[in-house]
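>>> Turn this into a structure:
(chains A and B)
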2 protein chains.
Amino acid sequence: MTNNPTIGVTAAKGFRAAGVTAGIKASGTPDLALVVNDGPSLAAAGVFTSNRVKAAPVLWSEQVLKGGRLSAVVLNSGGANACTGPLGFQDTHATAEKVAEELKVNAGEVAVASTGLIGLRLPMDLLLPGVGQAARALSEDGGEAAAIAIKTTDSVHKTAQVTSPAGWTVGGMAKGAGMLAPGLATMLVVLTTDADVDSAGLDGALRAATRTTFDRVDSDGCMSTNDTVLLLASGAAGAAPDAAEFAEAVRTVCADLARQLIGDAEGASKDIRIDITGAATEDEAVDVARVVARNNLLKCAIHGEDPNWGRVLAAIGTTSAAFDPDRLDVAINGIWVCKDGSVGEDRDLVDMSGRDVVITADLNAGQASATVWTNDLTADYVHENSAYST
Amino acid sequence: MTNNPTIGVTAAKGFRAAGVTAGIKASGTPDLALVVNDGPSLAAAGVFTSNRVKAAPVLWSEQVLKGGRLSAVVLNSGGANACTGPLGFQDTHATAEKVAEELKVNAGEVAVASTGLIGLRLPMDLLLPGVGQAARALSEDGGEAAAIAIKTTDSVHKTAQVTSPAGWTVGGMAKGAGMLAPGLATMLVVLTTDADVDSAGLDGALRAATRTTFDRVDSDGCMSTNDTVLLLASGAAGAAPDAAEFAEAVRTVCADLARQLIGDAEGASKDIRIDITGAATEDEAVDVARVVARNNLLKCAIHGEDPNWGRVLAAIGTTSAAFDPDRLDVAINGIWVCKDGSVGEDRDLVDMSGRDVVITADLNAGQASATVWTNDLTADYVHENSAYST
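This is a model prediction of the structure:
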């Protein structure tokens, strides 16, 4: 299952990675990942949760990124290290120091990311030896092992990569299956590239990409305390890419990973794309799409393969976007079941038997549009999340 | 089950009511209610959904209420008459005209309320004869039959009443079990009183009462297109009440009905009270309480009797209310499991085995507070709402 040298964070030249079992998770599955940038460049950028309750590793990594350089990223599953107070922050600091010691780098250039249950201290007596173990396991084909080690409730590990004809590559890995909502990317993601791009260039490409990919995934409306998306550049391909091509490559990898996150959301049986068209502004299109995506009644209806378009209108009606209720059109899987705010085509024509469901709402109020991805609401979601910490 | 003369909308003198089976519901259960004010006063007030997609009966009744007088209210279950276009509005108009003809009153003083599936026309060939049937069945002990006829997914009918030592009474009935969220009272409610209060006085008392009762019920975050709360005064008790005492009586009846709505919410196994204290302003307290109440992950955790306080903090962190993340305190059923934004008392001390769960969050940012009621999220909710329209 591992050792594919072209996968994920080791797809780009200049990176090594590892994923090991430190014993943080009671399940005994891999729980600690390490990604190292061997340069020559150490340029990096990151975006983090906009939740005001931020986990210790987020507070740490935000500070580290101010320097625009990363030598390494250490990630653990099995514990979020959120709401753990000053001692939790010391644990994150100690983790970065241990990485620095093992790799002979500066702790101020080591990002830390954690995921798991909120409100519990990490078992540092297991985690720190795990860092040493990971450092010894680092390899240029460790991308898949790293992706596996950051899984929590994920059923599959998630990697993506694209290579430019110009010879540089962007690759990445992601974890996330619950507490998936925007406000920056609600998951842990590490992207790497061997293109030679400075930290400002990375930052611009990363923010542009996340704005229309991870930020438009809204599985359950619940924003994490730990969301982290990092982009590291080694420059090992020796190529300074065309800025637009590079930005598009980053966006492609982000979109691929975001789609994988929705496809693996907790308990979901349907992947739902909400397309809002005819909006006055893109912001309003996103707002409407998100409100529709978060409507529990609609999510239940889709689970039941019920083309209950009234719930789409009831959701849209709660927004402040520009629209006339008598000019709303709604399609489900291509059938315009609602025209001019009232009954349209026969709802019995709608086929919702597949996993993919597309809801299109035309506000008829302008030219802007946006897409948000979500999932249905299922008894399995309830089951999985009513027993998560026990 | 019926004919209790002291119950609901006929508890106050000067009112007659009926509940009949018009055949609108396929189930063959009662589906049409009529409430008549025999005066001498016809003063009335109403509040309606703030959803911009408003059902035809809401658009009609809002206009009717501008006159400040109501002779009668006709209510149907079995169809919301929402998103039905101009023809749906004509159906509402025809219903009011039929009531006016039967009762020899002015159609411009007849409110209409509907509840059920969105996007379907009402079967007027059944509904209009049902109005005649209801008019013939009107009686001074019809309050319970009316309350029964407005049920949709409600498992029980809901009535409440209080009588002042001064001799006047406020009574009422409510329906609602799903699509329960604020923005005004997300349900159908008819309140009656025999106190002699003009429409301005009724309006003030009603708005003050709904603001802290129905508006603070948020079962599933989904706002209806049909929410209607009406208050009719007959003046038949011949007493002009003390304004403060009257307002408190209206508030008491609203609070009683709101609590019954939460207790009967679709699929719920827990009734959850969210108390936010130490807020800078009441608006911020309400905002925080509502965000916590709508957090699906927290609602699942409570269903599983898991005192997962991290999900409370993660929800609070998404608001813009004044607070310092390191000064948040959270109690679940009286156990302060989170102190200063970190681990507090032992979570194993929390007993969540009962139906009632109280979550208290102290923002430590001021003196304001607010309470919002919600429910847990269960597999039964998913089941009920994935098959609603089929």
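
>>> residue contacts, residue A:6?
residue A:161 (CB atoms under 8 Å, 6 or more residues apart in numbering or on different chains). C-beta: built from backbone N, CA, C; applies to glycine.

>>> how close does it sit to residue A:154?
Shown here: residue A:6 relative to residue A:154, a distance of 21 Å by CB to CB, to the nearest Å.

>>> One more: residue A:374?
17 Å.

>>> if you count what's nearby, which of these two comes out ahead?
residue A:374 (32 against 23; other CB atoms under 10 Å in any protein chain shown).

>>> isn't that one right up against residue A:262?
Yes - between residue A:374 and residue A:262 a contact is recorded at 7.2 Å, counting by CB atoms under 8 Å.

>>> Where does the prediction get shaky in the stretch 101-250 of chain A?
For the stretch 101-250 of chain A, the stretches with pLDDT under 70 are A:177-187, A:215-225.

>>> now the residue of it found nearest chain B: how far from residue B:349?
Nearest to chain B, among the residues of the stretch 101-250 of chain A, is residue A:118, at 2.5 Å (CB to the nearest CB). Using CB to CB, residue A:118 is found at 18 Å from residue B:349.

>>> Just want to know which of these two has more residues nearby.
residue A:118 (25 against 13).

>>> Enumerate every residue touching the more buried one.
A:55, A:80, A:82-83, A:225, B:308-311, B:313-314.

>>> make it 6 Å
By CB atoms under 6 Å, 6 or more residues apart in numbering or on different chains, the residues touching residue A:118 are A:80, A:82-83, B:310.

>>> Most neighbours of all those residues, which one?
residue A:82 (32 neighbours).

>>> In this model residue A:55 seems to touch that residue, though I could be wrong.
Yes - between residue A:82 and residue A:55 a contact is recorded at 3.5 Å, counting by CB atoms under 6 Å.

>>> interface residues of the stretch 201-350 of chain A facing chain B?
Within the stretch 201-350 of chain A, the positions near chain B by CB under 6 Å from any CB of the partner chain are A:220, A:222-223, A:225, A:295-297, A:300, A:303-304, A:306, A:308, A:310, A:313-314, A:317-318, A:325, A:341-343.

>>> Please repeat the previous calculation with a cut-off of 8 Å.
Where the stretch 201-350 of chain A comes near chain B, counting by CB under 8 Å from any CB of the partner chain, the residues are A:220-225, A:294-297, A:300-301, A:303-304, A:306, A:308-311, A:313-319, A:323, A:325-326, A:328, A:338, A:340-343.

>>> Any of the residues you listed buried? List them.
Buried members of these, counted by 16 or more other CB atoms under 10 Å in any protein chain shown: A:220-225, A:294-297, A:300-301, A:303-304, A:306, A:308-311, A:313-319, A:323, A:325, A:328, A:338, A:340-343.

>>> re the thing from before, between the contacts of residue A:118, which is nearest residue A:355?
residue A:80 (29.5 Å; CB to CB).

>>> Tell me the predicted confidence for that closest one.
Here the pLDDT value assigned to residue A:80 is 86.

>>> ok, it - contacts?
Residue A:80 touches A:55, A:114-118, A:120, A:225-226, B:310, counting by CB under 8 Å, 6+ apart.

>>> Residue A:54 now?
A:48, A:62, A:82, A:225-226, B:317, B:325.

>>> so what pLDDT did the closest residue to residue A:330 other than its chain neighbours get?
Leaving aside its sequence neighbours, residue A:330 sits nearest to residue A:338 (CB to CB, 6 or more residues apart in numbering or on different chains; 3.9 Å). Listed pLDDT for residue A:338 reads 91.

>>> Buried residues in the helix or strand that contains residue A:338, which are they?
Using DSSP states H and E, residue A:338 sits within strand A:335-339. By neighbour count on 16+ other CB under 10 Å, the buried set for strand A:335-339 is A:335, A:337-339.

>>> nearest to residue B:251, of the residues you listed?
residue A:338 (38.7 Å).

>>> Report the contact partners of the closest one.
Applying CB under 8 Å, 6+ apart, the residues contacting residue A:338 are A:309, A:312-313, A:328-331, A:344, B:83, B:119.

>>> OK, contacts around the closest residue to residue A:243 other than its chain neighbours?
Counting by CB to CB, 6+ apart, the nearest residue to residue A:243 once its immediate chain neighbours are dropped is residue A:201, at 6.6 Å. Contacts for residue A:201 (CB under 8 Å, 6+ apart) come out as A:43, A:243, A:246.

>>> which SSE is residue A:201 in?
helix A:199-211.

>>> which helices and strands sit right next to the helix or strand following that helix?
For helix A:199-211, the following helix or strand on the C-terminal side (DSSP H and E) is strand A:228-233. Where contact means 3 or more CB pairs under 8 Å, 6 or more residues apart in numbering or on different chains; DSSP states H and E, strand A:228-233 is packed against strand A:32-37, strand A:44-48, helix A:56-65, strand A:110-114, strand A:188-193, helix A:199-211.

>>> would TSV of the ones you listed with distance to residue B:27 be doable?
Below are these laid out as TSV (distance: least, CB to CB, whole Å):
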stretch	distance to residue B:27
strand A:32-37	56
strand A:44-48	52
helix A:56-65	52
strand A:110-114	52
strand A:188-193	50
helix A:199-211	49
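
>>> which strands and helices sit next to the longest helix anywhere in chain A?
Determined from DSSP state H, the single longest helix within chain A is helix A:243-263. When contacts are defined as 3+ CB pairs under 8 Å, 6+ apart, helix A:243-263 packs onto strand A:158-163, strand A:169-175, strand A:188-193, helix A:199-211, strand A:368-375.
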